[in-house]
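Q: build me a model from this:
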Amino acid sequence: VSHDNGAPDQVSGTNMSEQLVAENFTLGADANVILIRFWAIQSAAPDYRGDVYWAIYSDAANQPGTVVAGGVEPVVNAVVTGNSTLFGYAEYSFDIPVDIQLAPGNYWLALHNGAVSNNGESEMLWSTTAVPVGSNALYFDAVSGWVSSGNELAFRIEDTTIFVDGFESGNTTGWSATIG
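A: Numbering: from 1, shown residues only. From the prediction side, this is the model:
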């Protein structure tokens, strides 16, 4: 995992159907990102439109800057987690397969339920997390620009890193063989 913004807390969320929502993250090393996992809460299964717009933005003075990678991922499977909020919304997990090379630095993950131009009412909310990592998520308002949602949102950025002990760079001094 390159970045873990925390697991969902089943408390609340930020509506990702009516606005583009972005949450910040930092990478301390190069990453070959292969998966974006996020959690959403929904009042009903049909609130999910069947695809997800996603984008990784560079950071520009603590808000999303230039799009580094992104697109609409068709038919992202919504997996029911079995958890729900106190107000009855069911929790779902979503995995978006990607192949992105990112350098160390500050970024923003932006998500929207369906194409960004589809802003119809729907109760699909990007789930909050109780883990305070960075600043609160932002949503894009056509009049005001990027506005704080007041929430920290749940997601993970996964990469292909297998070893973290220097093996991939040739450091095998701690290894020994046992035969027998």
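
Q: and the most centrally placed residue in the chain, how close does it get to Ala22?
A: Geometric centre of the chain, nearest residue: Phe155, 4.1 Å, by Cα atoms, centre = their mean. From Phe155 across to Ala22, the span is 11 Å (Cβ to Cβ, to the nearest Å). (Glycine included, C-beta is placed from N, CA and C.)

Q: overlap of the contact sets of these two?
A: Common neighbours of Phe155 and Ala22, using Cβ atoms under 8 Å, 6 or more residues apart in numbering, are Leu109.

Q: can you list the weak-confidence ranges in this structure?
A: 161-180 (pLDDT under 70).

Q: pretty sure Asn24 is in a strand, no?
A: Yes - membership of Asn24 in a strand is supported by DSSP: H, G, I helix; E, B strand; the rest coil.

Q: now do the contacts for it.
A: So Asn24 contacts Asp59, Asn62, Asn106, Tyr107, Trp108, Gly134, Ser135, Ala137 (Cβ under 8 Å, 6+ apart).

Q: okay, now the fifth one: neighbour count?
A: A count of neighbours around Trp108, defined by other Cβ atoms under 10 Å, yields 25.

Q: direction included, what does the helix or strand hosting it pair against?
A: For Trp108, the element it lies in under DSSP states H and E is strand 105-113. Applying DSSP bridges, strand 105-113 is found paired with strand 21-27 (antiparallel), strand 51-59 (antiparallel).

Q: the first one: what's the following helix or strand?
A: Spelled out, that is strand 21-27. Counting by DSSP H and E, what follows strand 21-27 is strand 31-42.

Q: between strand 105-113 and that next one, find me the angle.
A: Going by axes from the mean of the first three to the mean of the last three Cα atoms, to 10 degrees, strand 31-42 is angled at 40 degrees with respect to strand 105-113.

Q: how many neighbouring residues does Gly88 have?
A: 9.

Q: same question but for Ala142, I mixed them up
A: The local packing of Ala142 (other Cβ under 10 Å) involves 7 other residues.

Q: tell me how far it lies from Trp126.
A: Distance, Ala142 to Trp126, by Cβ to Cβ: 19 Å.

Q: ditto for Ser84
A: Ser84 sits 16 Å away from Trp126, going by Cβ to Cβ.

Q: no further questions, thank you.
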